[in-house]
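In: What follows is a predicted structure for the sequence shown.
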Amino acid sequence: TVYVREARSRLPRVQRTPRIGPNSVWCGWRVGAGVTICLLKAGVKRWAGQVPRLTDQPGYNLGRPFESIAIEALIMTMQAVRAVRAAAVRQSRWLLPAASRSHRHRGESREWWEIVGGTAAAGALAASVGWTDGNGDRLGSVPAIRVAHCDAAAGKKWVDPESRKVDFTHTRPTTTTTTDTDTDGDTDGDDSADESVELTNWSGTHSVATDRFAQPTTLSEIEDAIAAAHTAGLKLRVVGSAISPNGCGLSEHGMLSLSLYDEIVSIDTEAQTVRVQAGARVSQVVDALREHGLTLENYASIREQQIGGFIQVGAHGTGAAIPPVDEQVISIQLVTPGRGTLTLSDAAGGELFRMARLGLGALGVVTEVTLRCVPRHQLVEETAVITRADAREGHAERLRRNKHVRYMWVPYVDAVVVVTCNPVGDRDPPDVRPWNGAALRPLVELLGEIDPEAGDVSNLSFADLRDKLLAFDPLNVDHVKRVNHAEADFWRKTVGVTKVDDSDQVLGFDCGGSQWVNEVALPAGTLAAPSMRDIDFMEHLLSEIETRQIAAPSPIEQRWTCQSTSPMSLVSDPTSRTTLFSWVGIIMYLCVDDDAGRDAITQAFAAYRDMVATELDSPYSAYQHWAKIEVPSNDEAATALRARLAGRFPVGAFNDARRILDPKGVLANDFITHLFGDLL
């Protein structure tokens, strides 16, 4: 049976989630302002005679079928792989609001492929399920996406048919599991060794070939999988959407995904709470809340995280009076190897609850979460470009006056992009500055100067143009300076009111393509009396970059939150309840397609990151985000990192909890053992 929410497929919202499949798998996909259903319709109208009319079949009443081409393609894919119980195709990577997206397929051929506009997106979908134009030619202006399919021999792996790889950047890996207590530590009913499956994280920076990959659909299957691994003494690391840049959820020894355990359990409008299974994505939760007049308090830059991973690494948005997401958690259900299934809250568990809600996946598998919500509201987003001196001068008042504020500092340019977001309230929403593409002219002109044969770039977004420009010479500091200046000019042409929409639609932003990123959190006084150490940090960082002539692209992003009461939070402070924290993120884009070039960028970023750690971390009491700490490659550096973390966080209490809840270290991987030690 296929369930299609037709209304959601037609509205030009940033995100719509049709529900498809016998296991009610949510297939996340976006239909944005620039790539709407009408573009899809125009792109596929000529193929109408060749596409099976699914709407003629009982249960497939989509209304006007070719306006729903994306959903039909998902259905066709599922029909072609009906041995799979559930499929989750990352449609959100194909239909982003920007006119173009580039992705790297990390299969054997290392090929690049590009999706340009709605027509090409529809064509790629059509090609992926084997549709032709009647003359035997495959549809679509891009290479065919390798559609993951079920290997009949394995009967359970969601893999690339050529490379046998699972890639989180293109497909949601899916397996079917049956409950048993086999000795190889999974739930597939087979005591023999499982065939290795390779997984790649969201940003394409970390891959792992894992021995076992379980994807349970019920609580009992999760409990049985953890119990079997505990009994056998085998690893089974829980992974969410694999969005963490450092791959902290990956393990070569065994992994458990909750992507099929993703129901919205209940919504209490009076108490303003929502209870969800931990595999539910943030986007899915907020769409469900919208119908009840509720939303989440804050959002990170994207909404594709599973709720379990969202809270376990302490994700955050921006807002000087708003805490990270772990503070939204009221209670959790935790499946542990050592103590079975626990329900924890402030009233039932206290300190253990606060430790486990940001437990890095090491204290148990979070299977259910109850979150505090707020009334649904709209925000007005305004963009300004100011000088570095102005950023310092008005900083304290800017933090106090705006509910959400973020800075984007541009290396080698005296420009700070300030994005503020505030509730519409009772006033009439202001007019949004119309978008006509003229703001892109500085980037387009620079591209034409560098590459006169670049051709038509009218379908490229800001992020795509930046990637295309940087790719010419990403480590040449003079070239990066030119790109940064063009980016600053882009932002100067976008000042004013840039969005008015629901809070979840406004607070997200385009992070760009495949990239290396590092982020630290540092104390910055209080909201009532900011210490200005956050601005000192930025001025020091920019000085180091510009003195050392580091090829640092824009932006360096800065955000703020108040503190958290979770002991393992980067923004915990047991000595105060009012501490303000700033988050600063540096970046280098993996914008080239050859392995040698990507390796060179990786090495350059490692040096950039190490410079920040050496020159700034200790003087400013800055600590790296858990999802962005890269495990050191040598023992001396690893020992120094462990000692520094032990001086900041209650590592002893954390390890005591690990010994009780996971005495055999089933849930640990290299990330956990390098940072906190091996319990065995």
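Out: Perfect, thanks for sending it.
In: how about G319, phi and psi?
Out: phi 150, psi 110 (degrees, to the nearest 10).
In: Pull the contacting residues for it.
Out: 298, 403-405, 560-561 (Cβ atoms under 8 Å, 6 or more residues apart in numbering). (Each C-beta comes from the backbone N, C-alpha and C, glycine too.)
In: quick one: the strands in the stretch 501-650 of the chain?
Out: Taking DSSP state E, counting those that start in this stretch, the strands of the stretch 501-650 of the chain run over residues 515-526, 556-562, 579-589, 623-624.
In: Take those and lay them out in a markdown table including mean neighbour count.
Out: Converted to a markdown table, these look like this (neighbours: other Cβ atoms under 10 Å):
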| stretch | mean neighbour count |
| --- | --- |
| strand 515-526 | 21 |
| strand 556-562 | 23 |
| strand 579-589 | 23 |
| strand 623-624 | 20 |
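In: Compare those and report which one is nearest to Q277.
Out: strand 556-562 (26.3 Å; Cβ to Cβ).
In: Can you redo the strands of the stretch 501-650 of the chain as a markdown table, where the extra columns are distance to N459 and mean pLDDT?
Out: Putting those into a markdown table (distance: least, Cβ to Cβ, whole Å; pLDDT from 0 to 100) gives the following:
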| stretch | distance to N459 | mean pLDDT |
| --- | --- | --- |
| strand 515-526 | 22 | 96 |
| strand 556-562 | 26 | 97 |
| strand 579-589 | 20 | 97 |
| strand 623-624 | 37 | 97 |
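In: can you tell which of those is closest to D224?
Out: strand 623-624 (35.7 Å).
In: Just the residues contacting that closest one, thanks.
Out: Residues from elsewhere that reach strand 623-624 (Cβ under 8 Å, 6+ apart): 518-522, 570, 613, 617, 644-645, 648.
In: So what are the sheet partners of it and their directions?
Out: Using DSSP bridges, the strands paired with strand 623-624 in its sheet are strand 515-526 (antiparallel).
In: and the angle for the partner strand with strand 556-562?
Out: 40 degrees (axes from the mean of the first three to the mean of the last three Cα atoms, to 10 degrees).
In: Check the protein for its longest helix and report it.
Out: Taking DSSP state H as the criterion, the chain has its longest helix at helix 595-612.
In: who's in contact with the residue nearest to the spatial centre of the chain?
Out: The chain has I243 as the residue nearest its centroid, 4.3 Å off, counting by Cα atoms, centre = their mean. Residues counted as contacts of I243 (Cβ under 8 Å, 6+ apart) are 168, 201-203, 302, 304-305, 309, 627.
In: S458: which of those is nearest?
Out: In terms of Cβ to Cβ, no member of the contacts of I243 lies closer to S458 than I302, at 25.9 Å.
In: Quick check, pLDDT for the closest one.
Out: We have a pLDDT of 77 for I302.
In: quick one, phi/psi of the closest residue to it other than its chain neighbours?
Out: Nearest residue to I302, sequence neighbours excluded (Cβ to Cβ, 6 or more residues apart in numbering): G508, at 6.0 Å. Backbone torsions of G508, given as degrees, to the nearest 10, read phi -80, psi 160.
In: Neighbours of the closest residue to M408 other than its chain neighbours, how many?
Out: Leaving aside its chain neighbours, M408 sits nearest to P555 (3.5 Å; criterion: Cβ to Cβ, 6+ apart). Here the count is done by other Cβ atoms under 10 Å, and P555 has 23 residues near it.
In: try A320
Out: A320 has 24 nearby residues by other Cβ under 10 Å.
In: ok, now G364?
Out: By other Cβ under 10 Å, 28 other residues sit near G364.
In: mind listing what it touches?
Out: Per Cβ under 8 Å, 6+ apart, neighbours of G364: 334-337, 342, 356, 661-662, 667.
In: try M255
Out: Neighbour list for M255: 199, 210, 212-214, 236-239, 249 [criterion: Cβ under 8 Å, 6+ apart].
In: what does the model give E195 for pLDDT?
Out: The model's pLDDT for E195 equals 54.
In: Next: D594.
Out: Looking at D594, its pLDDT reads 87.
In: Neighbours of it, how many?
Out: When neighbours are counted by other Cβ under 10 Å, D594 registers 10.
In: Quick check, pLDDT for the closest residue to H540 other than its chain neighbours.
Out: What sits nearest to H540 in space, not counting adjacent residues and going by Cβ to Cβ, 6+ apart, is L616, at 6.0 Å. Looking at L616, its pLDDT reads 97.
In: got a list of what L616 touches?
Out: 520, 537, 540-541, 544, 622.
In: Buried among the residues you listed? Make that a ChimeraX selection.
Out: The following ChimeraX line selects those of the contacts of L616 that are buried, judged by 16 or more other Cβ atoms under 10 Å:
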select :520,537,540,541,544,622
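In: What about the contacts of L616, which are in helices?
Out: Filtering the contacts of L616 for helices - DSSP H - leaves 537, 540-541, 544.
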